[in-house]
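Asks: What follows is a predicted structure for the sequence shown.
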Amino acid sequence: MLNDLRIAPEPDSRNGHSVAFVLAIGTVRQMCRLQTTFVTQNQAFSYLHKHREQFERLARERFAVGQIEDGLIKLTML
């Protein structure tokens, strides 16, 4: 399960930084975005890594019920 997540930086946002990642669900690759309130991109990455398991679980749950907007699973801070 550790190899089914790919993380990429998102462009700067006015209201904090967001982090995009690709979640592997079987043969499907689903783009996800975590919106944070952190000032720096490094803080946002650190937060995602710290809570990675919870965000993966939440993204999988949202994928299962079809909560996909504009091709993305949009997540916010816990």
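Replies: Cool, got the structure. Residues are numbered from 1 along each chain as shown.

Asks: Show me where the protein has its helices.
Replies: Assigned by DSSP state H, the helices in the chain fall at 41-50, 52-65.

Asks: report the angle between the axes of the last one and helix 41-50?
Replies: Put plainly, it is helix 52-65. If you take axes from the mean of the first three to the mean of the last three C-alpha atoms, to 10 degrees, helix 52-65 sits at 80 degrees to helix 41-50.

Asks: just checking, what packs against helix 52-65?
Replies: With contacts defined as 3 or more C-beta pairs under 8 Å, 6 or more residues apart in numbering; DSSP states H and E, the packing partners of helix 52-65 are strand 18-25, strand 28-35, strand 72-76. To be clear about C-beta, it is placed using only N, CA and C from the backbone, and glycine gets the same treatment.

Asks: what's in contact with that helix?
Replies: The contact list for helix 52-65 (C-beta atoms under 8 Å, 6 or more residues apart in numbering) reads 1, 5, 23, 25, 30, 32, 34, 48, 68, 73, 75, 78.

Asks: 7 Å instead, please
Replies: Helix 52-65 has contacts (C-beta atoms under 7 Å, 6 or more residues apart in numbering) with 5, 23, 25, 30, 32, 34, 48, 73, 75, 78.

Asks: Emit the PyMOL select command for whichever of those are buried.
Replies: A single PyMOL command selects the buried members of the contacts of helix 52-65 (16 or more other C-beta atoms under 10 Å):
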select buried, resi 5+23+30+32+34+48+73+75
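
Asks: Pick the most buried one from the helices of the chain.
Replies: helix 41-50 (a mean of 16; mean count of other C-beta atoms under 10 Å).

Asks: Any idea how far that helix is from the middle of the chain?
Replies: Between the centre of helix 41-50 and the centre of its chain there are 11 Å (C-alpha atoms, centre = their mean, to the nearest Å).

Asks: coming back round to it: between the helices of the chain, which one is nearest to residue 17?
Replies: helix 41-50 (4.1 Å; C-beta to C-beta).

Asks: Packing partners of the closest one?
Replies: strand 5-9, strand 18-25 (3 or more C-beta pairs under 7 Å, 6 or more residues apart in numbering; DSSP states H and E).
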